[in-house]
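Student: what follows is a protein structure lacking sequence information:
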């Protein structure tokens with residue numbers, strides 16, 4: 001766990017842009033980066049990136065694969081909760 005915390009400290013961005021910053025890594029999206037991304041567009045197709053991330057999830061009725069599970073880090077308390085409720089929650093298709 002100490003190795004995990006050391007790596008987390010090395011890569012985190014808390015305070016990188018000052019205490020009043022509310023954008024975080026969005027600060028890295030500069031006008032030049034936007035132009036660079038736009039230059040990669042080759043077709044004018046538009047599609048939604050929004051998706052259902054409720055317990056039913058984007059897999060819908062097919063249940064072909066497991067819906068995404070949001071787990072940032074699992075530690076003592078989280079591990080117990082995940083073990084207790086995780087399997088039941090993953091079966092919930094409503």
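Tutor: The structure has been received and is ready for your questions. What you see is a predicted model, and the numbers here were worked out from it, not measured in a lab. Numbering: from 1, shown residues only.
Student: for this structure, give me the ranges with low pLDDT.
Tutor: 51-79, 88-94 (pLDDT under 70).
Student: in it, which spans are helices?
Tutor: 2-11, 31-38, 76-91 (DSSP state H).
Student: report the buried residues of the shortest one.
Tutor: When neighbours are counted by 16 or more other C-beta atoms under 10 Å, no buried residue of helix 31-38 is found. C-beta: built from backbone N, CA, C; applies to glycine.
Student: can you list contacts of it?
Tutor: Outside helix 31-38, no residue is within contact range by C-beta atoms under 8 Å, 6 or more residues apart in numbering.
Student: now do the end-to-end distance for stretch 40-49.
Tutor: 18 Å (C-alpha to C-alpha, to the nearest Å).
Student: same thing with stretch 20-35?
Tutor: Span of stretch 20-35 from end to end, C-alpha to C-alpha: 27 Å.
Student: so how many other residues sit close to residue 10?
Tutor: Applying other C-beta atoms under 10 Å, we find 7 residues neighbouring residue 10.
Student: one more: residue 17?
Tutor: 15.
Student: for it, which non-adjacent residue is closest in space?
Tutor: residue 27 (5.2 Å; C-beta to C-beta, 6 or more residues apart in numbering).
Student: quick one: contacts for that neighbour?
Tutor: 16-17, 21.
Student: can you put those residues in a markdown table and add distance to residue 46?
Tutor: Putting the contacts of residue 27 into a markdown table (distance: C-beta to C-beta, whole Å) gives the following:
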| residue | distance to residue 46 |
| --- | --- |
| 16 | 33 |
| 17 | 31 |
| 21 | 31 |
